[in-house]
Structures are given as structure tokens and as C-alpha cells.
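**Q** Could you work out the structure for the sequence below:
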Amino acid sequence: MASGQTARQDWDGEFDVVVVGSGAGAMAGAFSAASRGLKTVVVEKTNLLGGASSYAGASCWLPGTQVQERAGVEDSTEAAAAYLESLLGTEQAERREAFLATAPELVKALEHDPALEFRWTAFPDYFAGPGRMDLGRSMMPVALPREEIGELADLVRPPIDRDNRGEQHPDGPLTAGQALIGRLLLAFTNTGNGVVRTGTAMTDLIVEDGKVLGVAVDTADGPQRLRAASGVLLGAGGFEGNEQMRRENGTPGSASWSMSPRSANTGTAIRAAQEAGAAVDLMDEAWWCPGTEQPSGKAAFTLGFRGGLMVDGNGKRYANESLPYDQMGREMAAAAADRIPSWFIFDSRFGGQLPAIMRPDNTPPAEHLAAGTWIQAESLGELAERTGLPADALAESVQRFNGFAAAGVDEDFHRGEDPYDLFFADPSHGPNPALVALDQPPYFAARMVLSDLGTKGGLRTDKDARVLTGSGEPISGLYAVGNSSASFSGRFYPGPGIPLGTAMVFAYRAVQAMAGPAAER
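**A** As a prediction, the model looks like this:
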């Protein structure tokens, strides 16, 4: 049924809060609502919970909390504010300040529940500037033993490599993104006020007199209408899986190269909100990363290069390969015609393995070599011939790079001068561990494309995650978080876990706006 055509008495289910999607923001919002006694339903169109969050390493950028304090990390809201202001200036200052003020409160509220536990994990902030933490301020969920979550584990989307093969979780505890979603699911279920409906796809918002009253969904039993007395929270991800929306908005990359689950994150929630009068922003943006092209045509999120060098189609280096992944992705997109695809060049000192972290990482080098996504050659000249790269340019790039490795200084792109550059490097390599010479044949070239961890443009929202119209007025009853909303970080990715951290904070604030602050605990 189209927006605006509603009969209040005709509902298939009545709730206080309807949460659309099941990533970290959605599940944090669902738990926050249910823990306040609000009857809450999570609707997820696929058969598994977690979306792209379940694939994540699950760093959560939440500054100045009790987790950092427990770990003896000297962090503060004020230091994080200085860091973000140095990057973002005055843009979105109100939302940024609300995020920073609420992060400690959110973590306290989450960890009040015995199912939710976090630990600080070293991972540097991504930019130099005042307030930066060289070892980071992010936290991760503690691994979740299978006996604690029980059969609920079957609802959590497994790691990306197993999910792509249609397999369930490996033996042992849930970790990383699966631990985050699993812990939020367990806490939500334990409230007794929540229900999860998988295989339930939101098709539209139900609006009357400018107020969102609920959602229309498709289920195995046919279409249904779910009432949301307090509000609808959209946490359904972005539109990275929708090739048409990417083209319409000039979003670089490709749906086939994105790291989101297949058939998910197609922008339905964003479009439904637009039809209800919502404004959007940053629709050409995503959380970028280099992707190692797979024989299937998909890509593997690639970070943490500890050797090798990247060249464009002209055989030239064009950036510091050790840049944080979003920054390296932006370098690729800046001259897409020459840099997509790029070639990552490395030698045999790494045993034929790419000297980096790949997710998923389950494609054997032999399969890459057979498919031509990787090339092996006994000389740089042969490598150039087989990749189509200019031989002289490739040889010159490698020779110049090897000179930098011997001297310990990258005169072109300053690789190894930032703490992030050295975080993944092997300290045993030469005067600059981020610069490792290529001089041990055979040589390899891996084809690299522009991947993403999801789009970051979406619905315009205020400091309480209320969805706004083009004139800046909130749409009553409608809230959006995570990649369904336009990120306050704009065209920057400040640190590990900003997407998850901000999604969870603004979901918490959305529930506060719906129901008022929680009673003193």
C-alpha cells in the first residue's frame, strides 16, 4: 500500500517501535527500546541477522568510555572532539557533539546488560592531528561462547567466506562482527520485550497527515502492516547493492565489488523515506577500500599491506600503499580511468601469498593464477607483458621503490612515516619496515578494484536521528541510523569503527527521543 493510504484500525501487528534492518545500529536501537519496556520488532528481509556489520572486524569508535578507562588508555571526549574538529571543521557540529557526549553513556548502558561486554583493541586513528590516538581508541566485543547464545547463533550471519559458500558458523565462539550482533541479539531477546522477524522485507512506510505510523512488509504469508506507536527506526544499510542507484547518484565502484551481503542493502528504506518527503545527502559517497578482484568477479576487502607496491595502468605508483583503506580507495577513485583496475606488485619472499589482509581470504593463489586475477612471471619484463603494463614504466617504478627501501625513505609518498603505516609492518624489514624491496623472483601482480564497506550517503538526520525534510523539519515518527543515514563524517573516515560506533550512538539517541531518557539505573 502506498504511503499516505492507511486505515489505522487495520494492522497485522502493533508495536511501540519497528526497527528495519539488523546491523549494529539497528540491533543497538532494538535493545535500547526493549530494555526501556517498549514492545519492539526487528524486521529483516534476509533470513540472517547482521547485514554488513556481521562481516566487520567490529571495531567500534566510541571515545572516552569506561572500556578505555579499564584498559588504562588515556582518552577523553575532549581529545576526540579536537581530533574530529581538525578534520571536519564546523560541518555537522551539532551531530558530532551529540555523538561524543553520548558515547560514554551508550557504552555504560550496553555493558549494564550481562550479555554485552567490550574490550579496547589497539588500532590507530586514521589521520594525524590534535587529539589523535596513535594506538587508537576503538573497542571490540568480547568473543561470545556458543553455549551462552545457544540456538540464537543460527540467526546470526556467519563470516563472509562461509556465508558466500552457504555454510554456517565455524566451531567455537562467535567473534568480531558475529560476536557484536550475537551479543546484541542475546541482550535484546533477554528483555522479553522484543521479537525478530527474518524473511520480512519492508516495502513502504505508512504515513498519515505527515506522521509515520508504521511499515508495510512482505512476508512468506503475504503483505502485512505493522504499527509503530512510538516510531520507526531505519537501520537497513545503504544502497551499495543497487547498481541502478549507484549510477543515478554517481557512486564509484560496483555492486559486485561491495563487501555487503548479496541481496541486502539495496536502498529500499532510503527510497521509501524519500517518498515520504525525506531529504538525502552524500549520495555519491561510500566507505571505500581497495579490493582484490576474485575469480568470481567479486572483490575481497584488502588492508594492512606489509610489502609490495601498487601501480596504475601506466605502471606508475600513485599513493602510499599503507594508507588507511578509505584513503587508498579515494586515491583509486580520484583517477578511475587509470587506477581501476590497479595492479599490486609483490615478489616471492611472501611465499606466493599477497602481503596483506584480505576478507574473504579463502581463494587459493593457484585459483587466482588460473583465472588471471593474479599473474606470475620470472621477470618484471614478463610480468609487464602479461599484465599489459608498460615494461619500462614498471621497471622504473620498482627500481625507484627499491632505492627507497634501501634508504628507508619514500621520497614520493612518505610510506612508513605515519603510525598507521607501521601498524601492520614487520619490524625486521630494513630501516623502514613499511618499505620492503622487490628483488626475489618470481614476481606477482594482483588485480585491484575499488571496493567499499557500504555507502555512507543517505537520509538527512538531526542529532537525535530524526529524519529531516528538505527544509530541515523532522518527519514525525521516523528515524534513521547507520548507512541508511548520511554520515556526519562527510568525506572523511576518521578512525576504525566510526560506522559502527556512530550507528549505535544515534540509535540510542533515537530511542531516547521516542521514549525519553531511561530511568536512572
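
**Q** Does G194 touch T40 like I think?
**A** Yes: using C-beta atoms under 8 Å, G194 is in contact with T40, at 4.6 Å. C-beta here means a position set from N, CA and C on the backbone, and glycine is covered the same way.

**Q** Those two: which is more packed in?
**A** Neighbour count, other C-beta atoms under 10 Å: between G194 and T40, T40 has more, with 28 against 24.

**Q** surely that one meets A34?
**A** Yes: look at T40 against A34 with C-beta under 8 Å: they come within range, at 4.5 Å.

**Q** Which neighbours do the two have in common?
**A** Overlap of the contact sets of T40 and A34 (by C-beta atoms under 8 Å, 6 or more residues apart in numbering) consists of 188, 193-194.

**Q** Return the member of those nearest to M514.
**A** Closest approach to M514 among the shared contacts of T40 and A34 (C-beta to C-beta): N193, at 13.8 Å.

**Q** Which pLDDT value goes with that closest one?
**A** N193 carries a pLDDT value of 98.

**Q** Pull the contacting residues for it.
**A** Taking C-beta under 8 Å, 6+ apart, we find N193 in contact with 33-35, 37-40.

**Q** Residues that sit against both of G194 and T40, list them.
**A** Residues touching both G194 and T40 (C-beta under 8 Å, 6+ apart) are 30, 33-34, 188.

**Q** okay, among these, which ones form the most distant pair?
**A** Distances among the shared contacts of G194 and T40 were taken as C-beta to C-beta; the most separated pair is A33 and F188, at 8.9 Å.

**Q** So if I had to pick from these two, which one is more boxed in?
**A** Neighbour tally, A33 and F188, criterion other C-beta under 10 Å: the higher count belongs to A33, 33 against 28.

**Q** my guess is that one contacts F15, does it?
**A** No: proximity of A33 to F15 does not meet the contact threshold set by C-beta under 8 Å, at 9.3 Å.

**Q** overlap in contacts of those two?
**A** With C-beta under 8 Å, 6+ apart as the test, A33 and F15 both reach T40.

**Q** in the stretch 251-400 of the chain, which spans are helices?
**A** Remark: helices assigned in the stretch 251-400 of the chain by DSSP state H, counting those that start in this stretch are 268-275, 325-334, 336-339, 365-371, 380-387, 391-407.

**Q** Mean pLDDT, distance to L184 and mean neighbour count for these - can I get that in CSV?
**A** What follows is these, written out as CSV (pLDDT from 0 to 100; distance: least, C-beta to C-beta, whole Å; neighbours: other C-beta atoms under 10 Å):
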stretch, mean pLDDT, distance to L184, mean neighbour count
helix 268-275, 98, 19, 22
helix 325-334, 98, 25, 21
helix 336-339, 98, 37, 14
helix 365-371, 98, 36, 15
helix 380-387, 98, 45, 19
helix 391-407, 98, 45, 18
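
**Q** Report the separation between A176 and C60.
**A** Using C-beta to C-beta, to the nearest Å, one obtains 11 Å as the distance from A176 to C60.

**Q** Equivalent analysis for E417, please.
**A** 28 Å.

**Q** And L233, by the same measure?
**A** 19 Å.

**Q** Now do stretch 248-255: distance to the chain's middle.
**A** 17 Å (C-alpha atoms, centre = their mean, to the nearest Å).

**Q** Could you do stretch 246-257 as well?
**A** Between the centre of stretch 246-257 and the centre of its chain there are 16 Å (C-alpha atoms, centre = their mean).

**Q** picking that back up, what is in contact with A33 and F188 at once?
**A** Residues touching both A33 and F188 (C-beta under 8 Å, 6+ apart) are 40, 194.

**Q** In terms of helix, strand or coil, where does V232 fall?
**A** Following DSSP: H, G, I helix; E, B strand; the rest coil, we place V232 in the strand state.

**Q** Okay, and the beta partners of it?
**A** Beta bridges link V232 to V18, L478 when assigned by DSSP bridges.

**Q** ok, how many other residues are close to it?
**A** V232 has 31 neighbours, counted by other C-beta under 10 Å.

**Q** Then P355?
**A** 20.

**Q** Report the separation between it and M328.
**A** P355 sits 15 Å away from M328, going by C-beta to C-beta.

**Q** same deal with A393?
**A** Here A393 is placed at a distance of 20 Å from M328 (C-beta to C-beta).

**Q** Could you do G72 as well?
**A** Distance from G72 to M328, by C-beta to C-beta: 32 Å.

**Q** isn't E411 right up against F404?
**A** Yes: E411 lies in contact with F404 (C-beta under 8 Å); the separation is 6.3 Å.

**Q** Below-threshold pLDDT in the stretch 351-500 of the chain: ranges please.
**A** For the stretch 351-500 of the chain, applying pLDDT under 70 flags no range at all.

**Q** just to revisit the earlier point, list the residues that contact both of A176 and C60?
**A** Shared contacts of A176 and C60, defined by C-beta under 8 Å, 6+ apart, are found at M140.

**Q** Need the per-residue pLDDT for the residue nearest to L116 when sequence neighbours are not counted.
**A** Counting by C-beta to C-beta, 6 or more residues apart in numbering, L110 is the residue found nearest to L116 once chain neighbours are left out, at 4.4 Å. Per-residue pLDDT puts L110 at 98.

**Q** L110: neighbour count?
**A** Using other C-beta under 10 Å, L110 has 26 other residues around it.

**Q** In the strand or helix carrying it, which residues are buried?
**A** Using DSSP states H and E, L110 maps to helix 93-111. Buried residues in helix 93-111, counted by 16 or more other C-beta atoms under 10 Å: 95-100, 102-107, 109-111.

**Q** cool, stretch 254-270 as well?
**A** In terms of neighbour count (16+ other C-beta under 10 Å), stretch 254-270 has its buried residues at 254-261, 264-270.

**Q** and G231, how far is that from G64?
**A** Relative to G64, G231 is positioned 28 Å away (C-beta to C-beta).

**Q** Which of these two has more residues huddled nearby?
**A** Neighbours were counted for G231 and for G64 using other C-beta under 10 Å; G231 has more, 27 against 21.
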